[in-house]
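Asker: Quick one, fold the following:
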Amino acid sequence: MKKYAVIDTNVLVSALLRWDSIPGKVVEHALVGKITPILNEKIIAEYDEVLRRKKFPFKENDIQILIEGIKKRGVAFNPAAIDESLPHTSDIVFYAVTMEARSSEDAYLVTGNIKHFPLKPFIVTPREMLAILGNSIEI
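Answerer: So this is what the prediction gives:
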């Protein structure tokens, strides 16, 4: 069964740093269709900016393939403003898009930084997302 998920940038970073990891498996599922990525222009812009930071050893081609794959398979949502504050303002768009998507889909927010978001059952770690998908976690 296909699931919808906003994928936080830190999951993409972790996946590109080590593809044979739990975040790598989540991103792989997003690229092959078991997860439908939920996004908007601000999320794509953050992916693009963060993945191109000089501190990361990512190849331009890998970044382009990843972002284009997510855009190609993704569904765009333009969220309404939310009344919750989060520790990092850059995380607001991820949470707002998740909330907008949840109005019509069973959507998740997958992040390696759970503490940056409200404690909600649909905000999950990559490991939890794999469990939701029914994957055994043998990495």
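
Asker: ok, and the closest non-adjacent residue to residue 91?
Answerer: Leaving out its chain neighbours, the residue that sits closest to residue 91 by CB to CB, 6 or more residues apart in numbering is residue 116, at 5.1 Å. Any C-beta I mention is one placed from the backbone N, CA and C, and that applies to glycine too.

Asker: And residue 36, by the same measure?
Answerer: residue 4 (4.8 Å).

Asker: can you confirm the one you found is in a strand?
Answerer: Yes - applying DSSP: H, G, I helix; E, B strand; the rest coil, one finds residue 4 inside a strand.

Asker: related to what we said a few turns ago, so what's the residue count around the residue nearest to residue 91?
Answerer: Neighbours of residue 116 under the rule other CB atoms under 10 Å: 17.

Asker: Look through this protein and tell me its longest helix.
Answerer: When the chain is parsed with DSSP state H, its longest helix is helix 60-73.

Asker: which other residues reach the helix or strand following that helix?
Answerer: Next in sequence after helix 60-73, counting helices and strands by DSSP states H and E, comes strand 75-76. Outside strand 75-76, the residues that touch it by CB atoms under 8 Å, 6 or more residues apart in numbering are 4, 36, 37, 38, 39, 40, 41, 101.
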